[in-house]
Each structure stands twice: as structure tokens, then as C-alpha cells.
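Asks: this one's structure only:
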């Protein structure tokens, strides 16, 4: 079968299409024919070596497809089931072995591409607005990169909980997308001082929470945008990791809270994975959450997908289609 392989860490050019043996599902595993694989920033961190992985490896931790074989000791799944998965490596391939405890069945009415586009970012948005900082009616959130896949989902979920959203974007096209998702106010970070604009928009108070998946280039503005005792949820590092922070800065900013959550710690049990997934798919099937696929690429074009993602030339979610 064909798969993308990373033999040495580096830029998008290290993503190479090759032939590999079809894996055999071991006990507790499913062999799945991959119909769509999600492209995420975590894939770029692993490719570059920021998140070390044993070499060589096949990237991709999210996807959807059809079960073609089942390992021993697996219950609850059958050959032919449509499934999606998250936090399971090896998805940039025509077939992938997936731990059964990381897989969920895709309900009728949800297409494979939608499921592959929704799971990692959708579950991340779910835990951010329900567990990390449960948004309440009337509260205001600052959402960075509001036209990206995560930003569009966060905006919709904050609005569904009765909150207000201030989004940051770089272009007029992206501003239009953010407003269509429900953003109340949009700041062009390329043209304005984000923290100053936030203070103006909140009558000097600041926002209750900042959802920041950008990291290095937005951290200072995020901290300066919070109300006293507000929370900065730093869930990614699209622009690079944030340098070490003196905790005294949290005091100076108004006794604010800083957290660095991750999805893995919010789906630790099968019960939690099922709860978050059922709510996510429910919102999708009822038309309450729109999943925007901003670009699709054949498997051989994985390099271009990474270049587009890291170059911020995209909106919504990117998919590889093996």
C-alpha cells in the first residue's frame, strides 16, 4: 500500500510517498481503509521534531474510513463499519491500524470527510469550552485565528453557549468567514494592536477567556487582553512555542490563570471519549455545528498541504484523500 513516510526530521520536503507492507491488526486493533485523513498542526510538530517521534514513521493522527479486518479481543466493531479516530498515528496512508479504544463509529448522516475533519479539532473545541473554561451566557472570549479550522469551531461553540466572540484574522476574506461563524467583533491583527482593540471593545474590562492556539506571536497580546482573574487557554503553538514565562506576569496581568491543556488528557477514558464524540456528532447531524473543509489533497500532495497550513494560506480544515 502507499503511505507518507518521514525518515528524517525537517520541513515539508521530508514527507515522501512510498510503498509499505499492509499492517496486520494485533489484539485490540482495527485495520481500516482510510478514506480521509485530517491534517493538523501536531503533524507538523512531529514532522519537524518539535514533538519527537521514532524514525521512520507515517504521520497523521486523525481520520475516517471503513473497517476491513479486526484483531483479537475487539468487541463492538465489525468489518464494514464506518469509523473515525483521533490520537492514533499513521493516518497518512491507504490503510491504517487503529487501536479500537481510539475509534468511534460514524453515525448515519455524517460523511467520512466530515468525520475526519471534525474529530481532533471538534473534540479540542469541545473540551476547551466545556471543561477548560466553561463559557457562560454573556461572557466574552478572544479567539485567535478565528477563520482557521479550530477558530471557526470555537466561535460557533462559544456562541451556542450564549457567549460573545472577538476573533482575530489577517485578511478581509478571513474576517468574512469569522463573522459568518458568529464572531461579534473581528480584529485584523496585521493592522491593529490586538490588546488595545480588545480593551476598546470591552470598555476597558478585557475578555473572560482567550483561546490561543497560535502561541509565540500572540501570547503577549493574549495575556494583556484578559480581565482580572481571566483565563488564557494556550492549546497550540502554530507560530512556535512560547518562551519561558515568569509567573509574576500572571499577577501583574490581574491574577490571571494560564493553562496548557491537550486533547489526550481530556479523552483519558472511553466514557469521556464517547461523551464528547456523541455531543459533537449530535451537533453536526442537527445542523448546529458547521464543519468547513477548506482544502483537499491527494495523498501524494501531503507536502503541499503542510506548506499551505504552515503558510497560513488556508481556512477551515485540510484533508488528505488516500
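Replies: Received it, and whenever you're ready, just let me know what you need. Nothing here was measured: the structure is a model prediction, and the numbers come from that model.
Asks: Need the pLDDT of the most centrally placed residue in the chain.
Replies: Residue closest to the mean C-alpha point of the chain, counted by CA atoms, centre = their mean, is residue 121 at 3.0 Å. Looking at residue 121, its pLDDT is 94.
Asks: What of the one 4 residues further on?
Replies: Among the per-residue scores, residue 125 holds a pLDDT of 98.
Asks: Could you find the closest non-adjacent residue to it?
Replies: residue 153 (4.1 Å; CB to CB, 6 or more residues apart in numbering). Any C-beta I mention is one placed from the backbone N, CA and C, and that applies to glycine too.
Asks: Kindly state the pLDDT recorded for that neighbour?
Replies: Looking at residue 153, the pLDDT reads 96.
Asks: Might one say that the residue nearest to the centre of the chain is in contact with residue 150?
Replies: Yes - using CB atoms under 8 Å, residue 121 is in contact with residue 150, at 5.1 Å.
Asks: Check the offset of the strand or helix carrying the residue nearest to residue 125 from the chain's centre.
Replies: In this assignment (DSSP states H and E), residue 153 forms part of helix 149-160. Per CA atoms, centre = their mean, to the nearest Å, the displacement of helix 149-160 from the mean C-alpha position of its chain is 11 Å.
Asks: returning to that earlier point: do you know how far the residue nearest to the centre of the chain is from residue 302?
Replies: 18 Å (CB to CB, to the nearest Å).
Asks: do residue 36 as well
Replies: Distance from residue 36 to residue 302, by CB to CB: 13 Å.
Asks: ditto for residue 214
Replies: Separation of residue 214 from residue 302 (CB to CB): 23 Å.
Asks: Then residue 96?
Replies: Taking CB to CB as the measure, residue 96 falls 14 Å from residue 302.
Asks: go on, residue 282?
Replies: Counting by CB to CB, the gap from residue 282 to residue 302 is 32 Å.
Asks: Tell me which of those two has more neighbours.
Replies: Each of residue 282 and residue 302 has its neighbours counted (other CB atoms under 10 Å); residue 302 has more, 25 against 12.
Asks: wait, doesn't that one sit right on residue 2?
Replies: No - with contact defined as CB under 8 Å, residue 302 does not reach residue 2; the gap is 10.9 Å.
Asks: quick one: common contacting residues for those two?
Replies: Residues touching both residue 302 and residue 2 (CB atoms under 8 Å, 6 or more residues apart in numbering): residue 17.
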